[in-house]
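A.B. asks: Quick one, structure for this:
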Amino acid sequence: MAQESLELQFGVYTGEVQDGKPHGKGSVSFNSEDIQERKTFTGHWVNGKRTGPGKMIWLNGEEYNGEWLNNLQQGQGEHRFPSTHYDIAMWDQGLRHGPAVYYHPNGGKEECTYVEGYENGPSTVHFANGKKEERIYENGVLSGAAIIYGTDGDKFEFNYVEGIIQGTAIYHAASGASEERSYSNGVSHGPATLYLTNGDTEERTYENGELHGIATFASHNGDREERCYKSGRLDGTAKYYYMSGAVESRIYESGILQGMAVKQTTDGECEERIYVDGKLEGQATVIFPDSGKEMRNYQNNKPNGQAMLFAPNGDRIEFNYENGIISGKANIKGSNGDKESCVYVKGVKHGPATYFWKAGHREDFHYDNGIKTGKALLRGASGAIREGTKKNGQWHGPANFTSQDGEVKDERWDNGRKI
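C.D. replies: Here you go, the predicted model:
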């Protein structure tokens, strides 16, 4: 077939011609004032019309490479955009019609269906990071229920209204936690509720996509905290209400507990303590209802290390905490001048102990779970000695008594009474 050049109404054609019309393979360069802003077309022609495979290029850089019929896209074709996005779709009479796949330059893609040029029905978006969204189109506009599936098992259920996320939505974390929140114009806005797997909940509020304002945290164990969010983070004063009735006033800074806190119990006990990066750390002072006072130290949320208790009667106890439990050596200094050295095990006096009277007497004995039990040796200031056994804190059983003059006597005791 002859190769010719034709001056056409829309541009200059070069290619095969039949009966004075483009027919067969050929290309056209469109006029610069083309109303459709077309640049070139290369492909097949039948009786002067684009029919069969062909490629159209527009002035803005768009390209369509696929099937044509009577000058319109028909059948499958690939449409590329200047942004490097492209789709592969079925066409009918110049409109996308049927299944289509839209490819994003970052590696994502969307699978959908067109009806007479508009997306309609279910669509699936595969994001480059592995996430997936299932959604629905109505005449080219996203509408109705949608779900986004995360790569780690999380899931986000929401609704589109005229292409924008609106109304109630639920986020399900892979851990089992979930949050029910409200959306307005595509942004989290309004009341929300967080549900944790252990039964904890938090009633909170979003403002233009960020947590903001008063929130109420409710623990599964009955505790509760009133706190405040600012620009997405916990910030400012908060009050923690323990199920026991105790209340702690504390401070959040940038989402973390920091600084001085005061805990008060229902019986009047008051503790001043310090949070550092969310944990109780450093020195704390406890004032008891009877006006007694304890100085203690926290490490990683638990009392640890040296502590000192000042009793209202003037007694003073120096002891140690280990992971919140009184453990190790302790010294007790009575207001009357008496002293006791003992050992605590799991919060109870247990093991060897010595009691010193101001008058000069001394007793060496043993504690068993807080009770004087077992062998004991009492040395009087005068030099007299009694050696025997204690039971439930009292002398019990046989004993030897040596007077200050050296006289030795055998004794027998019954629950603190010499017989």
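
A.B. asks: what ranges of the stretch 1-150 of the chain fall below the confidence cut-off?
C.D. replies: Along the stretch 1-150 of the chain, segments meeting pLDDT under 70 span 1-2.

A.B. asks: and residue 337, what are its phi and psi?
C.D. replies: phi 100, psi -10 (degrees, to the nearest 10).

A.B. asks: Skipping its backbone neighbours, what lies nearest it in space?
C.D. replies: residue 358 (3.2 Å; CB to CB, 6 or more residues apart in numbering). Bear in mind the C-beta positions are built from the backbone N, C-alpha and C, glycine included.

A.B. asks: Next one: the one you found relative to residue 338, how far apart?
C.D. replies: Residue 358 sits 6 Å away from residue 338, going by CB to CB, to the nearest Å.

A.B. asks: higher neighbour count, those two?
C.D. replies: Neighbour count, other CB atoms under 10 Å: between residue 358 and residue 338, residue 338 has more, with 15 against 11.

A.B. asks: show me the contacts for that one.
C.D. replies: The contact partners of residue 338, taken as CB atoms under 8 Å, 6 or more residues apart in numbering, are 355-358.

A.B. asks: what does residue 294 give?
C.D. replies: So residue 294 contacts 285-286, 288, 307-310 (CB under 8 Å, 6+ apart).

A.B. asks: Produce a PyMOL select command limited to the buried residues of the residues you listed.
C.D. replies: With 16 or more other CB atoms under 10 Å as the criterion, this PyMOL line picks the buried residues out of the contacts of residue 294:
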select buried, resi 286+288+307+309
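
A.B. asks: need the contacts of residue 294 in JSON lines with pLDDT and secondary structure, can you?
C.D. replies: Formatted as JSON lines, these follow (pLDDT from 0 to 100; DSSP: H, G, I helix; E, B strand; the rest coil):
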{"residue": "285", "pLDDT": "98", "secondary structure": "strand"}
{"residue": "286", "pLDDT": "98", "secondary structure": "strand"}
{"residue": "288", "pLDDT": "97", "secondary structure": "coil"}
{"residue": "307", "pLDDT": "98", "secondary structure": "strand"}
{"residue": "308", "pLDDT": "98", "secondary structure": "strand"}
{"residue": "309", "pLDDT": "98", "secondary structure": "strand"}
{"residue": "310", "pLDDT": "98", "secondary structure": "strand"}
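
A.B. asks: Can you tell me which of the contacts of residue 294 is closest to residue 397?
C.D. replies: Minimum distance to residue 397 across those is 34.2 Å, recorded for residue 309 (CB to CB).

A.B. asks: which regions of the stretch 201-350 of the chain lie under the pLDDT threshold?
C.D. replies: Using pLDDT under 70, nothing in the stretch 201-350 of the chain is flagged.

A.B. asks: What distance do you get for residue 128 to residue 148?
C.D. replies: 14 Å.

A.B. asks: meant to ask about residue 392
C.D. replies: From residue 392 over to residue 148 (counting by CB to CB), the distance is 69 Å.

A.B. asks: same question, residue 296
C.D. replies: For residue 296, the distance to residue 148 - CB to CB - is 49 Å.

A.B. asks: These two: who's more crowded?
C.D. replies: residue 296 (21 against 17).

A.B. asks: Can you name the residues bridging to that one?
C.D. replies: residue 284 (DSSP bridges).

A.B. asks: before we move on, what about residue 178?
C.D. replies: Counting by DSSP bridges, the residues bridging with residue 178 are residue 172, residue 195.

A.B. asks: Quick check: it vs residue 197, distance?
C.D. replies: Distance from residue 178 to residue 197, by CB to CB: 9 Å.

A.B. asks: The two: which has the busier surroundings?
C.D. replies: More crowded of residue 178 and residue 197, by other CB under 10 Å: residue 178, with 17 against 11.

A.B. asks: Would you confirm that that one contacts residue 172?
C.D. replies: Yes: look at residue 178 against residue 172 with CB atoms under 8 Å: they come within range, at 4.8 Å.

A.B. asks: Common neighbours of those two, please.
C.D. replies: Counting by CB under 8 Å, 6+ apart, nothing touches both residue 178 and residue 172.

A.B. asks: still on that earlier bit, so which of the contacts of residue 338 is surrounded by the most neighbours?
C.D. replies: Within the contacts of residue 338, neighbour counts (other CB under 10 Å) peak at residue 355, which reaches 19 neighbours.

A.B. asks: separation between it and residue 369?
C.D. replies: 18 Å.

A.B. asks: Then residue 320?
C.D. replies: Residue 320 is 19 Å from residue 369, by CB to CB.

A.B. asks: Between the two, which is the more surrounded one?
C.D. replies: Taking other CB under 10 Å, residue 320 and residue 369 do not tie; residue 320 has more neighbours (18 against 10).

A.B. asks: Now do the same contact list for the more buried one.
C.D. replies: 305-307, 326-330, 344.

A.B. asks: Go again with 10 Å.
C.D. replies: Listed by CB atoms under 10 Å, 6 or more residues apart in numbering, the contact set of residue 320 reads 296-297, 303-307, 326-330, 344.
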